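Novice: After the sequence you'll find the predicted model.
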Amino acid sequence: MAWERQATNKLPNDFDIQNAHACRSQVQKWQAGVAGATRVRAGRIMRDGAVFYAYCTSHQQCSFVWRHEFSTAEAGGKEHEVCSKGIHAEEPRKVRGTAVDVREQANALTQSNTPMQATVRLVEKGVDVEEWPSKADLTKARRRTTRQPDRGAEAGGGTTLGQWLEHLKEIDDAETPWQTIARADGCGVVMCQKFAEVAADLIAQAQGEAGSGHYLVGAHDCTYKVFSSDWGLWKFCLACKRYDEEGLPRTSLATIALGYVPKEGEEQMVTVLHLLKEWHEQRGNKLGEMLHQVHADESQAGQNALRRVFPGTVFILDVRHQLATIVRRGGASKETKSMVAANLQFAFSALGFSQPLFHLYIDSLLQRLVELGELDFVQYLQTEATPGLTALTVSQSLEASWQHLKNKLPINVAKLPSTSALDRVLQATEAEVNSHGPYKLKVCGLSQRLVSGAAVFTERIGVLEEKQLRLPCAKMLWQHCPSNTKTFEFKPGELPEVLSAFVVPLSQAGMVIDHEVASCMISLVRLCESSVAQTSHQVRSELEKAPGLWHAEAGRLSLTKLKEVLAN
């Protein structure tokens, strides 16, 4: 098959046609305008020019090839001639199950964009939806972009230990709000006066409510996506739950320490926790006395360090990591594990108002797994599934604060020297603590509800920059709800402190509240005042009054019906 000329490009007179690097760059620039992926290989470099070949890598065993020839034209001047031959194969070449063209497209879109931002760019360019990479492909590409190591960097992100310690000293000496406390091995913490003030506010708040059983809850975590080495950025936060004058729950979360630790280093974790504790105690913040719980991931080093530094606190593995462990566990099908994780997420976030209902829901979930024949999975879950509304909200709040910080960092932060990465982290954190103070964070499981076609909420609360949290309350709903409600009257003493109950639509303003749905809700209300010590027969008899909530044939709670009722 003969070569067919594709294009002839004039080159500047000073272009060196014997320079392999310059010629290769010109070839890559031309190939970038051609659909599909290619692999460039050098041909021959001679006195009178150079030849390069570009092979198609978009198709399986493709024979299509381009020839790029750099030479001096007969009429003078230099030119770049492109020829091609061959026929493209029909079968696309795949890498890890994804077509190469799709992979390259996703890589290009996510170089400086998140998956959602990349989708917006496609919409702006008017690209046909059928030509979009899938969300999964964009997510994988973004992950490759952000996690790809800088091959030219040394251990520690191109920063030696001496440079790191010197930089920490410069931060400490400079006119900044930051104070660094570091050991000779580079491990340490970064603190500021704002951390002490926020911690003091939350401690005072908890002490003022101590008679009501309120206390401080801590959360700590480490991310390894900031420094391009085995060192992690560590954060310790305080969470404090209280109720405002309207009776609505408010969860405050505030960062009170930043640190840098080697991966899975227990002794180093003990060091930063001790430094945190001592620094705050010098400023009157008695964390050892007020800290009741600490939520963290399954890192054994972190757990051991917490028990050594705060022996009087209770360690809690947060729900997000519990669910991740369940999903990762082998032995059950992917669909079964996803179903279990979704149902546990629902139970933890939506059924905290009634312990009997929560336990019955978990028992019914296990019974459903028995029906599916997943006996080993049932045995595993019986040691894992425990009530954890607080663990869910605190851990997700911490994840939200991490995301807020990372959004303020450059996309290539992991490729920067560790000293530069630390500077960017401190800049973002300084802006955060000066503008927000303690976050008012979202309670998991509450979504926006529509009544009479418009959203009805209490006061708006700023959350993570421009985002807002708006929580519904019974008073506001009753003032603005449509007329299609169901009313139930109770005899004095039948339900403690309740004389009337009103069932109103939440997901759709025009929803008709029939007696069956209303009865389901009232049955759930009755369970709110129930004790865990109730017999299963008493709980079952109450639920059987609500049509559809009890699965008679299976002898268990209907998981689907309960979720449907509470969602609407």
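Specialist: On my side now, so go ahead.
Novice: The residue nearest the centre of the chain: which element?
Specialist: The C-alpha lying nearest the average C-alpha coordinate of the chain belongs to residue 399 (Cα atoms, centre = their mean; 5.8 Å). Here residue 399, judged by DSSP states H and E, is contained in helix 389-407.
Novice: Would you mark the buried spots in the helix or strand hosting residue 121?
Specialist: Element membership of residue 121 [criterion: DSSP H and E] is helix 115-125. Applying a neighbour-count criterion of 16 or more other Cβ atoms under 10 Å, one finds 115, 118-119, 122 buried in helix 115-125. The way it works is simple: take the backbone N, C-alpha and C, and place the C-beta from them, glycine included.
Novice: Over to stretch 361-372?
Specialist: Applying a neighbour-count criterion of 16+ other Cβ under 10 Å, one finds 361-369 buried in stretch 361-372.
Novice: Take those residues and keep only those in helices.
Specialist: Secondary structure assignment by DSSP state H places 361-369 of the buried residues of stretch 361-372 in helices.
Novice: I'd like those residues as CSV, with distance to residue 514 appended.
Specialist: Converted to CSV, those look like this (distance: Cβ to Cβ, whole Å):
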residue, distance to residue 514
361, 24
362, 29
363, 28
364, 24
365, 27
366, 31
367, 28
368, 27
369, 32
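Novice: and the closest residue to residue 405 other than its chain neighbours, how many neighbours?
Specialist: With sequence-adjacent residues excluded and distances taken as Cβ to Cβ, 6 or more residues apart in numbering, residue 405 is closest to residue 428, at 5.5 Å. For residue 428, the number of neighbouring residues by other Cβ atoms under 10 Å comes to 16.
Novice: Then residue 378 would be within a helix, right?
Specialist: Yes: residue state for residue 378 (DSSP: H, G, I helix; E, B strand; the rest coil) corresponds to a helix.
Novice: What score does it have for pLDDT?
Specialist: On the pLDDT scale, residue 378 is placed at 74.
Novice: In contact with it: list those residues for me.
Specialist: 366, 369-370 (Cβ atoms under 8 Å, 6 or more residues apart in numbering).
Novice: What helices and strands are in contact with the helix or strand hosting residue 42?
Specialist: Taking DSSP H and E as the criterion, residue 42 maps to strand 38-46. Using 3 or more Cβ pairs under 8 Å, 6 or more residues apart in numbering; DSSP states H and E as the contact test, the elements touching strand 38-46 are helix 20-31, strand 49-56.
Novice: Name every strand pairing with it and say which way it goes.
Specialist: Here strand 38-46 has these sheet partners by DSSP bridges: strand 49-56 (antiparallel).
Novice: which residues touch the strand it pairs with?
Specialist: For strand 49-56, using Cβ under 8 Å, 6+ apart, the contacting residues are 17-18, 20, 23-24, 27, 31, 36-44, 62, 64-72, 86, 88.
Novice: Now the buried members of those residues.
Specialist: Buried among the contacts of strand 49-56 by 16+ other Cβ under 10 Å: 17, 23-24, 27, 31, 36-38, 40, 62, 64-71.
Novice: Looking at the buried residues of stretch 361-372, which one is closest to residue 172?
Specialist: Using Cβ to Cβ, residue 362 comes nearest to residue 172 of the buried residues of stretch 361-372, at 51.0 Å.
Novice: surely that closest one meets residue 347?
Specialist: Yes: the pair residue 362 / residue 347 is scored as a contact, 6.2 Å apart, by Cβ atoms under 8 Å.
Novice: got the end-to-end distance for stretch 274-289?
Specialist: 14 Å (Cα to Cα, to the nearest Å).
Novice: now that stretch, how far from the centre of its chain.
Specialist: 30 Å (Cα atoms, centre = their mean, to the nearest Å).
Novice: Stretch 24-32 too?
Specialist: With Cα atoms, centre = their mean as the basis, the mean position of stretch 24-32 lies at 38 Å from the chain mean.
Novice: How about stretch 96-110?
Specialist: For stretch 96-110, the distance to the chain centre is 23 Å (Cα atoms, centre = their mean).
Novice: do the same with stretch 402-409
Specialist: 11 Å.
Novice: Repeat that for stretch 33-42.
Specialist: 36 Å.
Novice: contact partners of it?
Specialist: 20, 24, 27-28, 31, 50, 52-59, 66, 100-101, 103-104.
Novice: about what we covered before: tell me what the helix or strand following the helix holding residue 399 is packed against?
Specialist: Tracing the chain past helix 389-407, the next element assigned as helix or strand by DSSP H and E is helix 418-435. The elements that helix 418-435 packs onto, with contact taken as 3+ Cβ pairs under 8 Å, 6+ apart, are helix 161-173, strand 188-192, helix 193-208, strand 249-262, helix 389-407.
Novice: Same question for the third one: list its buried residues.
Specialist: When neighbours are counted by 16+ other Cβ under 10 Å, the buried residues of helix 193-208 are found to be 194-199, 201-203, 205-206.
Novice: With that, I have no additional questions.
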